[in-house]
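> Mind looking at a prediction? Sequence and model below.
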Amino acid sequence: MPKILIVDDEYSIRALFEYMFKDAGYEVVTAKNGKDALEKLNDFLPDIMLVDIVMPEMDGPSFILGLKKLAVTRSELAGIPFFVLTGENYMKVGAHYAFQNNPNCKSFLPKMTPPEQVLGLAKHILGLPDQP
């Protein structure tokens, strides 16, 4: 069973994707910001992460930097692929937040992306068949 960590401050986004990924057979853990996500990584090792950018307490870029620092002592955290789902201008966001130089960052999607497309991307990144 693939595992996903969904990091987003909007409850409706977390709930939507939690339901959709669980329905597709994923084990799902959600976090309301980067600080919460780093804490969840103590007990949960995801295969992939869905990360928002603008969040209170700790935003997405700070979470990814924190994850990189944590991976120095916990090597199992080093190669987790993630993709960004954001309400920001996703065409400019990669350069602005320096995600484009991170080999684990696989894609940027606007929050209005159809959920089925988000699920399809996660399956593609993980090398899973696209059937339900």
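Everything's here; your move. Residues are numbered from 1 along each chain as shown.

> excluding its backbone neighbours, what's nearest residue 87?
Closest residue to residue 87 apart from its sequence neighbours, by Cβ to Cβ, 6 or more residues apart in numbering: residue 111 at 4.7 Å. In short, each C-beta sits where N, CA and C put it, glycine included.

> How about residue 10?
residue 52 (7.5 Å).

> give me the number of residues near the one you found?
Using other Cβ atoms under 10 Å, residue 52 is surrounded by 25 other residues.

> Assign residue 80 to helix, strand or coil.
Following DSSP: H, G, I helix; E, B strand; the rest coil, we place residue 80 in the coil state.

> what are the phi and psi values for residue 105?
phi -80, psi 110 (degrees, to the nearest 10).

> for the one 3 residues further on, same thing?
The phi/psi pair for residue 108 (degrees, to the nearest 10) reads phi -120, psi 130.

> which residues does it bridge with?
residue 84 (DSSP bridges).

> Go ahead and confirm it touches residue 102.
No. Counting by Cβ atoms under 8 Å, residue 108 does not reach residue 102; the two are 11.6 Å apart.

> The most centrally placed residue in the chain pairs with what?
Centroid-nearest residue in the chain: residue 50, 1.8 Å away (criterion: Cα atoms, centre = their mean). Residue 50 forms beta bridges with residue 6, residue 83, as assigned by DSSP bridges.
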